[in-house]
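K.L.:
build the 3D model from these lines:
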Amino acid sequence: GANISYILASQVFVQSGVMLTIPAGTTIFALPVPNGVAAPAIVVVKGGMLLAAGTASSPITLTTILSESALSGSAIAVANSSSDVFALGARGKWGGLILLGNAPTNMPTTTPIEGITGYTYGGNIPTESSGSLQYVRVWHGGAVVGANNEINGITFGGVGSGTVVDHCEVAFNLDDGFEFFGGTVNVKYLSVLFMGDDGFDTDQGYVGKGQFLFVIEGLTGDHSMEIDSGIGSNQDVTPRSHPAFYSFTLIGGGTGTGARTG
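P.N.:
Residues are numbered from 1 along each chain as shown. Predicted coordinates:
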């Protein structure tokens with residue numbers, strides 16, 4: 001119900017034909033990630049729907065159960081990927097939010113989505129809806145689940161244009177803020193703050209539109225945007241990525257030690 005807090009202790013999968021509704025004002029607190037255990041995450045598989053319609057005054061927040069003071073480095077936080085010793089810092093404290101759909105990509109529809117195992121995306125329904133994300137905040141996610149296999153703050157895999165996405169924020173994510181693996185979903189009013197990798201990452205034939213986008217990188221991120229089309233040396237596979245991004249503000253890493261200058 002609205003204004004109720006929930007504990008997320010594992011990976012939750014919204015199966016095909018199922019609709020998960022998260023009321024406005026809800027906060028979901030993910031538990032820390034023990035060594036060798038899959039990071040808690042919410043995954044909407046192909047054919048499933050997520051209705052997360054927050055408001056400006058009652059946003060939906062997905063975050064870690066750890067206090068902000070614990071994330072600042074003043075207290076023990078969560079297990080890292082190599083031992084049972086707990087690691088300090090604000091990023092990678094749980095998984096993230098993954099939406100998978102049947103919209104076209106330029107990859108085989110047997111391709112598993114990055115960050116979890118065994119769940120595929122993509123198809124031939126460009127106007128499909130995976131539900132709605134409005135006034136949703138995803139904080140402190142991006143836990144590493146394997147080599148080069150982190151969970152983005154919000155991942156769209158083959159998500160269709162019938163999906164409503166606006167006024168969403170990803171902050172302190174270990175990997176990318178928003179990543180679009182193909183698909184046709186259109187987005188508005190999205191912000192990425194202090195990510196560990198890229199702010200917006202598009203690839204695998206993404207052809208949606210985005211407007212009113214904001215990135216502030218901090219000192220540890222990679223690029224504000226990474227725009228790719230194919231995979232590796234095969235960049236001509238079709239459909240080619242053609243994100244139409246308008247009205248965006250990108251703030252780099254400043255001039256301090258470790259800042260990106262290129």
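K.L.:
quick check: next helix or strand after the helix or strand hosting Asp201?
P.N.:
Applying DSSP states H and E as the criterion places Asp201 in strand 200-203. Using DSSP H and E, the next helix or strand after strand 200-203 towards the C-terminus is strand 209-216.
K.L.:
ok, residues contacting the strand holding Asp201?
P.N.:
152, 176-182, 190, 192, 210, 213, 215, 224-231, 241, 243, 245 (CB atoms under 8 Å, 6 or more residues apart in numbering). All C-beta spots, glycine's among them, are computed from the backbone N, C-alpha and C.
K.L.:
ranges for the helices of the chain?
P.N.:
Assigned by DSSP state H, the chain shows helices spanning 68-69.
K.L.:
low-scoring stretches of it, by residue?
P.N.:
1-2, 35, 68-70, 72-88, 145-148, 254-262 (pLDDT under 70).
K.L.:
tell me which residue is most central in it.
P.N.:
Ile154 (1.6 Å; CA atoms, centre = their mean).
K.L.:
if we can go back for a sec, parallel or antiparallel, which strands does the strand holding Asp201 pair with?
P.N.:
Strand pairing for strand 200-203, using DSSP bridges, gives strand 178-181 (parallel), strand 225-227 (parallel).
K.L.:
now the strands for the stretch 151-262 of the chain?
P.N.:
All strands of the stretch 151-262 of the chain, identified by DSSP state E, counting those that start in this stretch, fall at 154-157, 164-171, 178-181, 187-193, 200-203, 209-216, 225-227, 244-251.
K.L.:
okay, those in JSON lines with distance to Ile4 next?
P.N.:
JSON lines is the format used below for those (distance: least, CB to CB, whole Å):
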{"stretch": "strand 154-157", "distance to Ile4": "22"}
{"stretch": "strand 164-171", "distance to Ile4": "21"}
{"stretch": "strand 178-181", "distance to Ile4": "27"}
{"stretch": "strand 187-193", "distance to Ile4": "25"}
{"stretch": "strand 200-203", "distance to Ile4": "32"}
{"stretch": "strand 209-216", "distance to Ile4": "30"}
{"stretch": "strand 225-227", "distance to Ile4": "36"}
{"stretch": "strand 244-251", "distance to Ile4": "35"}
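K.L.:
put together a markdown table for the strands paired with strand 200-203, with distance to Pro112 and mean neighbour count on each row.
P.N.:
A markdown table is the format used below for the strands paired with strand 200-203 (distance: least, CB to CB, whole Å; neighbours: other CB atoms under 10 Å):
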| stretch | distance to Pro112 | mean neighbour count |
| --- | --- | --- |
| strand 178-181 | 11 | 28 |
| strand 225-227 | 20 | 16 |
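K.L.:
any chance of a markdown table for those strands, columns distance to Val43?
P.N.:
Shown next, in a markdown table, are these (distance: least, CB to CB, whole Å):
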| stretch | distance to Val43 |
| --- | --- |
| strand 178-181 | 14 |
| strand 225-227 | 23 |
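K.L.:
which residues touch the closest residue to Gln11 other than its chain neighbours?
P.N.:
With CB to CB, 6 or more residues apart in numbering as the criterion, Gln11 has its nearest non-adjacent residue at 4.9 Å, and that residue is Ala41. The contact partners of Ala41, taken as CB under 8 Å, 6+ apart, are Gln11, Val12, Trp94, Gly95, Gly96, Leu97, Ile98, Gly115, Ile116, Ile151.
K.L.:
quick check: the farthest pair among the residues you listed?
P.N.:
Val12 and Gly115 (14.0 Å; CB to CB).
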